[in-house]
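Visitor: the following block contains a protein sequence and its predicted model.
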Amino acid sequence: MTTTATLNAVMNGGVGASGGGQKTVLITGVSRGLGKALALEIANRGHSIIGCSRSQDKLKSLQSQLSSSSSSDGNDNDKHLFLDLDVCSNSSVQELARVVMEKKGVPDIIVNNAGTINKNNRLWEVPEEEFNSVLDTNVKGIANMLRHFIPLMIEKKQGIIVNMSSGWGRSAAAQVAPYCASKWAVEGLTKSVAKELPSGMAAVALNPGVINTDMLASCFGTSASLYQAPDSWAPKAADMILNLTMADNGSSLSV
């Protein structure tokens, strides 16, 4: 289903720093939808973004947007780091961790946002490859990130991990059984890992709410446009994510 992507790091100029409160935030699935909107919002607040995606072209587009937004001040070069990879590949995530440590150090916050959904269908009519793709991305992709980044955060004795869940990780709907199964797994995985983390760290499952993304459109069709856009959602999500603490460890939260 997946191929091991060659890591392709792209550095670009960032936006103005926010002083001592500046954080480094790693976001997977950063090239579109919620990941892109969140990256732009957090970067515009002066924080440093590490982003990864399977789409090099979309990463370059995001890089251009951030460069454009920072062109007025022209400082903080090399503030952000973008990498082309597939989180389903354990070896690629291992290399991601190496590159991130070399160029940026341990992230303060990791948002495991990369995800996919099956085409609307009854479970017994979902092809095996499609079912595997959903579980590999939504569950194994997160597990790969945790496997390689939690030890680094433990060594630093701090770190916040946000695993993107869904309303369908706490309820269910017809035609999207693989997706529901994956998000229920994210909830359980997060709560279990939270019990393994030392003081100073936290892992939370975050339900972003119903947002008008390509994934929602694949389920809801044209009615997806009735819901808020990612750029309207991002400010509230950023407020929540940037203010998480170890007291939130193990929580299932909603934006």
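Guide: Looks like it came in fine.
Visitor: and the closest residue to Lys58 other than its chain neighbours, how many neighbours?
Guide: Excluding its sequence neighbours, the residue lying closest to Lys58 (C-beta to C-beta, 6 or more residues apart in numbering) is Ser31, at 3.5 Å. Every residue, glycine included, has its C-beta placed from N, CA and C. For Ser31, the count of nearby residues is 24 (other C-beta atoms under 10 Å).
Visitor: mind checking the SS state of Ser31?
Guide: Counting by DSSP: H, G, I helix; E, B strand; the rest coil, the backbone at Ser31 sits in coil.
Visitor: same deal with Gly46?
Guide: Relying on three-state DSSP, one would call Gly46 coil.
Visitor: kindly report the same for the one 4 residues further on.
Guide: Ile50 carries the three-state label strand when classified by three-state DSSP.
Visitor: isn't it right up against Thr24?
Guide: Yes. Ile50 is within contact range of Thr24, at 6.5 Å (criterion: C-beta atoms under 8 Å).
Visitor: so what's the residue nearest to Lys58 scoring on pLDDT?
Guide: Ser31 is assigned 92 on the pLDDT scale.
Visitor: contacting residues for it?
Guide: 51, 53-55, 58-59, 61-62 (C-beta atoms under 8 Å, 6 or more residues apart in numbering).
Visitor: what's the burial count for Pro127?
Guide: Burial of Pro127 is recorded as 11 neighbouring residues (other C-beta under 10 Å).
Visitor: do Glu128 as well
Guide: With neighbours defined by other C-beta under 10 Å, the count for Glu128 comes to 8.
Visitor: and the one 5 residues further on, by the same measure?
Guide: A count of nearby residues for Ser133, using other C-beta under 10 Å, gives 18.
Visitor: what residues are up against Ile109?
Guide: Counting by C-beta under 8 Å, 6+ apart, the residues that Ile109 touches are 23-26, 159-162, 241-242, 244.
Visitor: need the worst-confidence member of the contacts of Ser31.
Guide: Going through the contacts of Ser31 one by one, the lowest pLDDT turns up at Ser55, 82.
Visitor: what ranges does this structure have for its helices?
Guide: 33-44, 56-69, 90-103, 128-135, 141-156, 177-194, 214-220, 230-242 (DSSP state H).
Visitor: could I get the contacting residues of the residue most central in space within the chain?
Guide: For the chain, Asn113 is the residue whose C-alpha lies nearest the centre (C-alpha atoms, centre = their mean; 2.5 Å). Applying C-beta under 8 Å, 6+ apart, one finds that Asn113 lies in contact with 27-30, 34-35, 38, 164.
Visitor: what's the ChimeraX line that selects buried ones from these?
Guide: Under the burial definition 16 or more other C-beta atoms under 10 Å, those of the contacts of Asn113 that qualify are selected in ChimeraX by:
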select :27,28,29,30,34,35,38,164
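Visitor: pretty sure Pro198 contacts Ile154?
Guide: Yes. Between Pro198 and Ile154 a contact is recorded at 6.1 Å, counting by C-beta under 8 Å.
Visitor: which ones are touching Glu128?
Guide: Applying C-beta under 8 Å, 6+ apart, no residues contact Glu128.
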